[in-house]
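Student: Fold the following.
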Amino acid sequence: MNYTQLYGEDNDLIRERYELAMERIASIEQERTVNEKYLPYFQKTAAFILLVKSVVEFAQENRLSKMTIEELRALNTALYNDITGDNYAASYANPAYARELFGEKYGKLLSFLSAELRQVIIYAYECRLYELTVFLELFIEVYNYFEEEDEFTYKDVKRAIYYFMSDYCEVLMNARVRELVDHELSFATDIIMESDLNDLRYLYRFGDYITDNEVRTAEYLNSLPEEQVKAMADTYTEGYRLGFIANRLDITKKKYVNIRYQLGFERMVRYAVQNFRALGLEPVIYRAPYNAINKLQHMKVGYHATSPNRQYDYDHRFDIGLFLDKALKVRKLECLKQALEEYKQKAGLYAGPAVIEVFGEELFAPEDKREAIKLDKRQQKLYVEYYREDNLLKQEYMKLDETSFTIISYPVPQIGEDFEEIFAETVKVNTLDSEEYRNIQQKIIDVLDQGEYVRVLGAGRNYTDIKVMLFPISDPDKETIFENCVADVNIPVGEVFTSPVLKGTQGVLHVPKVYLNDLEYRELELIFEDGRIVEYNCGNFNEAAKNKSFIKENLLFNHESLPLGEFAIGTNTTAYRMGKKYNIAPRLPILIAEKTGPHFAIGDTCYKLSEEIKVYNPDGKEIVARDNEISILRKEDMAKAYFNCHTDITLPYDELKEIAVYKKDGTKITIIQDGRFVLEGTETLNKALDE
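Tutor: Numbers count the residues shown, from 1 in each chain. Okay, here's the model as predicted:
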């Protein structure tokens, strides 16, 4: 059965409702039955929906494949024009503009509705008429209220949105869970595997906003020899296979691998699909969600293109706050469990994600708009509770402790005129000699295993001074506390890491500028006591309260505090040199940046949900530091053990005064001094720094 047949029956059942809704919306363009204040909003939104209607017709009649690239580009631009560039300033989706026109209450409602309706673009390209139709009906319902100006209140409209979200929560969440585990939902896979990838018209069939990043990336991959693109795919899929071996997991028990990537890399992904199929794994390639019920703040989890507007994404990251309450949290969890139960067999065969990250987009420091929907304290608690329980349900049904992963990164053209050179350098970084690094890193581990704690000191503007307590070893001949990380699941090579002991871990972690989860932080400061964050601040905004909320929302993910889940020392000086050579260090992704200095991860440990699985270094020693004082609580109450986040914060070598190991007898062994490796046997790493 092909993809279009999967939705054929549902489309036939909903078609009459769809056509009636479109007919009603077409009439809105001509009517003047609402207050003049709101009329342009509804007429402009109706015109947008009618444009989407034409996409449905093009997709159902297979006319998209017959359009010229100029026609496809014009259509793509028209669909996203409202929120791109300077246009966003006067967009109804902009909460500040909507408030200016409609006041605080209705501004939030109508801005929210504009953002939610944007997802109908995706449903149109995928010919999913059911989801498309129900959102059209929501628009009509809201319009009907505004037609009855003297007979409705703000609460009536908000209540209509609340009940819509509650009523259709089951539909939206069932669709999302199915996307996670069902390879027959092959919309993206079909495009990747069946298109002529030299004909870049295929990019416009996905329905996402297509920019120079996607076009030039695809053109560049098309220009490379096939063997080179295949080698890139081989590095990626081999890392995935090795992850199962390293963790002593049986890949033959699994059937589905989730491929996440940014559009433009289809030539590489096609080879990756072939490689995974050779391993017995079918690809599940799902789109990043865009509706308030399913999305995770501003982050894109799934395949996607360059954002039309990152400020737009940020403004709408907490749109769920418009209707989130305890009843809805319970409803979401009920719908999630019901969907996981329905797809239980497929869920149990899920092997884990294989991720291709990109880097090079311009640094983004968001404006924190007071008009945007936010979570109040009650909702923040509900939000945290929901994702904790969400994760536990997925652990149960998808058997996450039996899965693995791999992540690799490449630049996009927005990185600048040296794009092709940087891309070639990144390929080299991703394929460094693992054996050489393994041997050097073992010398670092041998010293760390002797320590009671590590002290890290910043240099220059960086005033970091933090003491990290280490797990005590019982049998030095058989046990180790740091993992010797080479290029398997976590590409590129280059770090040793551990789960630190929380009690006694204390001090200040400071970074003058760092880019985390697609957001720029200036003068980030975290203060730890007994391994937990007790104070935090940054210099992004003039108002102290905004700085606090920015960190809490986007770094602590609405938790009151987070523990230090990981301490690591990055050894990839080649990647560091690349960042310096091309002046792109701040734009390197966490995946590469974390290998270019010591890093500290706040949140869960690296061994989350896998603590009971014994893991070993290449020297045969068991890595015994897999738990901390919080994760061990899983044995009493799983809900207390995890935070469902893990963010690495790196100090680059040039901001380091010292990393030293302290033994119980007070002896000090220095690993890095003034940004250079000084431990005997690690001096080779300085060659890249000298270059």
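Student: Quick one: find the helix or strand in the chain with the lowest mean pLDDT.
Tutor: For the chain, counting by mean pLDDT, DSSP states H and E, helix 3-6 ranks last in confidence among helices and strands (a mean of 60).
Student: Got the phi and psi for residue 501?
Tutor: The phi/psi pair for residue 501 (degrees, to the nearest 10) reads phi -70, psi 130.
Student: same thing with residue 287?
Tutor: Dihedral angles of residue 287 (phi, psi; degrees, to the nearest 10) stand at phi -80, psi 150.
Student: does it have beta-bridge partners, and which?
Tutor: Counting by DSSP bridges, residue 287 is bridged to residue 303.
Student: How many neighbouring residues does it have?
Tutor: 23 (other Cβ atoms under 10 Å). (Glycine included, C-beta is placed from N, CA and C.)
Student: okay, it: pLDDT?
Tutor: Per-residue pLDDT puts residue 287 at 96.
Student: got it, and residue 490?
Tutor: Per-residue confidence at residue 490 stands at 78 (pLDDT).
Student: cool, residue 2 as well?
Tutor: As predicted, residue 2 sits at a pLDDT of 54.
Student: For stretch 40-48, list the C-alpha coordinates in CSV.
Tutor: C-alpha atoms of stretch 40-48 as CSV (Å, rounded to 0.1, in the frame of the first residue of the first chain):
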residue,chain,number,x,y,z
PRO,A,40,-9.4,42.3,7.5
TYR,A,41,-8.2,39.5,9.8
PHE,A,42,-10.9,37.0,8.7
GLN,A,43,-10.7,38.0,5.0
LYS,A,44,-7.0,37.7,4.8
THR,A,45,-7.0,34.4,6.7
ALA,A,46,-9.8,33.1,4.4
ALA,A,47,-7.7,34.1,1.3
PHE,A,48,-4.7,32.1,2.8
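Student: And it, what's buried?
Tutor: 41, 42, 43, 45, 46, 48 (16 or more other Cβ atoms under 10 Å).
Student: Could you dump those residues into a markdown table with pLDDT added?
Tutor: Formatted as a markdown table, the buried residues of stretch 40-48 follow (pLDDT from 0 to 100):
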| residue | pLDDT |
| --- | --- |
| 41 | 97 |
| 42 | 97 |
| 43 | 96 |
| 45 | 97 |
| 46 | 97 |
| 48 | 97 |
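Student: Just the ones of those in helices?
Tutor: 41, 42, 43, 45, 46, 48 (DSSP state H).
Student: which residues touch the last one?
Tutor: To tie it back to what came earlier, the one meant is residue 48. The contact partners of residue 48, taken as Cβ atoms under 8 Å, 6 or more residues apart in numbering, are 79, 82, 117.
Student: Can you mark which positions in stretch 288-300 are buried?
Tutor: In stretch 288-300, counting by 16+ other Cβ under 10 Å, buried: 288, 289, 290, 291, 292, 293, 294, 295, 297, 298, 300.
Student: This structure - how does it break down into domains?
Tutor: 3-167, 179-408, 432-690 (automatic domain parsing).
Student: and of those, who's closest to residue 425?
Tutor: Judged by Cβ to Cβ, the one of those that comes nearest to residue 425 is domain 432-690, at 4.9 Å.
Student: Can you pull out the low-pLDDT segments for this protein?
Tutor: Regions of the chain meeting the criterion pLDDT under 70 cover residues 1-6, 487.
Student: which residues touch the closest residue to residue 251 other than its chain neighbours?
Tutor: In this structure, residue 251 finds its nearest non-sequential neighbour in residue 244, 4.2 Å apart by Cβ to Cβ, 6 or more residues apart in numbering. Going by Cβ under 8 Å, 6+ apart, residue 244 touches 250, 251, 404.
Student: of those residues, closest to residue 546?
Tutor: Nearest to residue 546 among the contacts of residue 244, with distances taken as Cβ to Cβ, is residue 404, at 39.6 Å.
Student: Number of residues surrounding the residue lying closest to that closest one once chain neighbours are set aside?
Tutor: Excluding the flanking residues, the one nearest residue 404 by Cβ to Cβ, 6+ apart is residue 243, at 3.7 Å. A total of 21 residues lie near residue 243 under the criterion other Cβ under 10 Å.
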